[in-house]
Every structure is written in C-alpha cells, then in structure tokens.
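Participant: Provided below for reference: sequence and predicted model.
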Amino acid sequence: MITIPQVVTIAGIDSSGGAGINADMKTFHNQKVCSATIVTGLTAQNNYGVQKILPTNKDFILAQFDSVFSDLEISAAKTGALFDTAQVEGVIQGLKKYKPKHLVVDPVMVAKGGAILLTKEAIDLIKDELLPLAELVTPNLEEAEVMTGYQITDENSLLNSLHDIQKLGAKNVLIKGGHGQGELVRDYLLLTDGSVSTYDSKRLLTERTHGTGDTLSSYITAHLAMGESLREIMPNAKAFISEAISKTIMVGHGHGPLNHWVNIND
Ligand SMILES: Nc1ncnc2c1ncn2[C@@H]1O[C@H](COP(=O)(O)OP(=O)(O)O)[C@@H](O)[C@H]1O
Ligand SMILES: Cc1ncc(COP(=O)(O)O)c(N)n1
C-alpha cells in the first residue's frame with residue numbers, strides 16, 4: 001500500500017487547460033500528491049482571454065465539499081478564482097465545516113488577458129472572512145494594492161502592504177513580483193514571527209505566463225501537505241515556476257501555458 005498526501009483545489013476550470021484547476025492538478029500530479037477538486041465556476045477561456053464565465057452555485061459548492069471531505073483525507077486546500085459573493089460564501093462555509101490543516105488563499109482577481117474573475121463585493125468578503133482562515137495568502141502586486149487600498153511604489157510600501165495584509169488575518173503573506181519591473185522577479189514572504197524573506201529569480205522575458213500564480217500556489221500547497229515549512233518550500237517553488245516558464249511549450253497563442261512536465265531535480 002502506498003500512502004499519498006491528499007489535497008483539494010477550490011477554484012475555476014479553464015477550458016484551454018493552462019490556468020485555474022487545470023494548472024493546479026498538473027502541478028499536484030507533478031509533485032506526486034493526489035488532488036480533489038471543488039469547482040467554483042467554469043470559464044470559456046483561451047490564451048487570448050476569458051470569453052464567458054459560468055459560476056457554480058453555493059449549494060453545489062457545499063455538496064462538493066461534503067463529497068470530497070467525507071471520503072478523502074485532505075491535509076491541505078487552496079482557493080483560486082471565486083468569482084462572486086455566493087461562491088465565496090459557499091467556500092467559507094465549507095472550510096469552516098471541514099477545517100483543512102493547511103489553507104492557501106490565492107486571491108485571483110483578474111486573468112492575464114484582463115478579464116475580471118472576482119467582484120468588488122466578493123473581495124470585501126474575502127478580506128473579512130476568508131483571510132482569517134488562511135495559513136498563507138498569495139497576492140500579486142495589483143491584488144495586494146486592492147487589498148490594502150494603496151499603491152505599491154517602492155520597497156517601503158511593499159513592506160507596509162505585507163504587514164497590512166497580515167493584519168487582515170492571514171498568518172503568512174506572500175506578495176509575488178511577476179508584474180513588477182527589472183531584471184529580477186522578487187517575491188516577498190512575511191511569516192507569522194514578523195520576519196520577511198525575499199526570493200529572487202531571473203525575469204524571463206516572455207508573455208507565455210498563463211497560470212503562473214496558480215502553479216506557484218499549488219506547488220506550495222502540495223509541499224505544505226507533505227509537512228514542509230514555507231521557508232523550506234519557497235526556494236524550490238521559485239525554481240519550479242522558473243523552469244515551468246522557461247521550458248516553453250508551444251500551445252495556443254497569446255499568454256500561452258506553462259510546461260508542467262518539468263522536474264527541478266533533474
Ligand atoms: N516573467 C517571469 N519570470 C520569472 N518568474 C516569473 C515571471 N512572471 C511570474 N513569475 C513568478 O511566477 C509566480 C507568479 O507570479 P505573478 O505572475 O506575479 O502572479 P499571478 O500569476 O498571480 O499574477 C511568482 O513566483 C513569480 O515570481
Ligand atoms: C479559471 C481561472 N483561474 C485563474 C486564472 C488566473 O490565471 P493567471 O495566472 O493566468 O492570471 C484564470 N485565468 N482562470
């Protein structure tokens with residue numbers, strides 16, 4: 001008998017396969033954890049953008065929670081695109097009922113092509129009620145600005161944002177630097193103990209970055225399920241995302257998908 005860590009992604013499906021639940025499952029499979037899915041919505045989407053969205057309703061989200069948690073031994077969960085207040089309410093209710101040991105909240109707001117994946121009202125609910133449940137929240141620069149209500153213009157405002165987002169209730173905060181500028185992409189991690197660590201990688205000059213945030217947060221979720229600490233996980237998470245971006249696969253147009261077959265131990 002082989003025991004494999006079990007995780008769940010609570011997010012939306014991307015019809016083109018590159019982001020959302022699709023990216024999560026590929027990352028989980030790559031990292032050898034078994035993943036269940038709780039679908040918050042379907043998207044008609046490709047690498048040019050999102051053409052249509054069909055959110056699932058609250059009852060159906062809760063039904064999926066009951067199905068998954070009454071059977072699998074879930075040790076870590078992550079959330080992705082949650083669309084609107086009904087979906088966020090369902091997810092909060094489900095998480096409060098089943099209390100997974102580790103919870104990563106990726107506050108997905110806008111797709112790479114510019115489509116809105118979260119309403120303003122839903123953002124408020126996430127800030128008020130979902131973040132206090134999170135072990136880690138992983139905003140990109142724009143998402144961090146929306147959460148705090150002020151712009152990140154320099155290192156100082158970035159550090160303030162980390163602390164202000166932690167005050168909303170998330171134990172640990174990772175602000176990702178993919179949308180920044182300069183030769184390096186720097187991610188900032190604020191831990192519960194108040195320490196800040198930075199993780200740098202070479203900025204890869206490509207627009208084929210569909211699903212980078214999903215892939216990074218899934219990688220972290222997989223390794224939390226394995227019992228590793230965020231400090232142990234982050235250097236490998238950055239190496240994995242850099243490999244997945246740089247070993248380009250030519251699929252679709254525009255913001256093409258990542259290579260989820262990479263192995264950073266090769
Ligand atoms: N062009 C890039 N080169 C290297 N790493 C990148 C690049 N873009 C994003 N990343 C990495 O991918 C992860 C996701 O970052 P980001 O793109 O900011 O998030 P999101 O997909 O949520 O907008 C981060 O760890 C970031 O450092
Ligand atoms: C269903 C779904 N979930 C999340 C994203 C964000 O992905 P990206 O990393 O490209 O911004 C997306 N485009 N679609």
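Facilitator: Okay, I see it. Ligands and ions are numbered 1, 2, ... in the order given.
Participant: out of everything not next to it in sequence, what's closest to the residue nearest the centre of the chain?
Facilitator: The centroid of the chain falls nearest to Asp106 when counting by CA atoms, centre = their mean (3.4 Å). In this structure, Asp106 finds its nearest non-sequential neighbour in Ser217, 4.1 Å apart by CB to CB, 6 or more residues apart in numbering. (Each C-beta comes from the backbone N, C-alpha and C, glycine too.)
Participant: what about the one helix or strand that neighbour maps to, near ligand 2?
Facilitator: Counting by DSSP states H and E, the element that carries Ser217 is helix 212-225. Yes: counting by CB under 6 Å from any ligand atom, contacts between helix 212-225 and ligand 2 involve 212-214.
Participant: can you pull the contacts of the residue nearest to Asp106?
Facilitator: By CB atoms under 8 Å, 6 or more residues apart in numbering, Ser217 lies in contact with 24, 78, 80, 104, 106, 138.
Participant: which among those gets closest to Leu184?
Facilitator: Thr138 (18.6 Å; CB to CB).
Participant: look at the closest one and report its pLDDT.
Facilitator: On the pLDDT scale, Thr138 is placed at 98.
Participant: thought it was touching Gly213?
Facilitator: Yes: Thr138 lies in contact with Gly213 (CB atoms under 8 Å); the separation is 6.9 Å.
Participant: compare these two (neighbour count), which wins?
Facilitator: Thr138 (27 against 23; other CB atoms under 10 Å).
Participant: so what touches stretch 237-251?
Facilitator: By CB under 8 Å, 6+ apart, the residues outside stretch 237-251 that reach it are 18, 47, 187, 199-202, 204, 206, 208-209, 212, 215-216, 219-220, 223, 256-264.
Participant: at 6 Å instead, please
Facilitator: 199, 201, 204, 208, 215-216, 219-220, 257-259, 262, 264 (CB atoms under 6 Å, 6 or more residues apart in numbering).
Participant: ok, of those residues, which come out buried?
Facilitator: 199, 201, 208, 215-216, 219-220, 257-259, 262, 264 (16 or more other CB atoms under 10 Å).
Participant: farthest pair within these?
Facilitator: Largest separation among those by CB to CB: Tyr199 and Pro257, giving 22.9 Å.
Participant: and the longest helix seen in the chain, what's buried?
Facilitator: As assigned by DSSP state H, the longest helix anywhere in the chain is helix 230-246. Buried positions in helix 230-246, judged by neighbour count with 16+ other CB under 10 Å: 230, 233-234, 236-245.
Participant: just stretch 247-265 next, same as before
Facilitator: 252, 255-260, 262, 264.
Participant: gap between Phe240 and Gly18?
Facilitator: According to CB to CB, to the nearest Å, Phe240 and Gly18 sit 16 Å apart.
Participant: run a quick neighbour tally on the residue nearest to Trp261 when sequence neighbours are not counted.
Facilitator: The spatially closest residue to Trp261, leaving aside those adjacent along the chain, is Asn30, at 7.2 Å (CB to CB, 6+ apart). As a burial measure, Asn30 scores 20 neighbours (other CB under 10 Å).
Participant: pull the contacting residues for the closest residue to Arg186 other than its chain neighbours.
Facilitator: Spatial nearest neighbour of Arg186, excluding adjacent residues (CB to CB, 6+ apart): Gly177 at 4.5 Å. By CB under 6 Å, 6+ apart, the contact list for Gly177 reads 185-187.
Participant: and what of Lys127?
Facilitator: Neighbouring residues of Lys127 by CB under 6 Å, 6+ apart: Leu168.
Participant: cutoff 8 Å now
Facilitator: Per CB under 8 Å, 6+ apart, neighbours of Lys127: 147, 168.
Participant: separation between it and Glu73?
Facilitator: 31 Å.
Participant: again with Leu133
Facilitator: Counting by CB to CB, the gap from Leu133 to Glu73 is 19 Å.
Participant: who has more neighbours, the two?
Facilitator: Between Leu133 and Glu73, Leu133 has the larger neighbour count (other CB under 10 Å), namely 19 against 10.
Participant: so where does Gly41 fall, helix or strand?
Facilitator: With DSSP H and E as the test, Gly41 turns up in strand 34-45.
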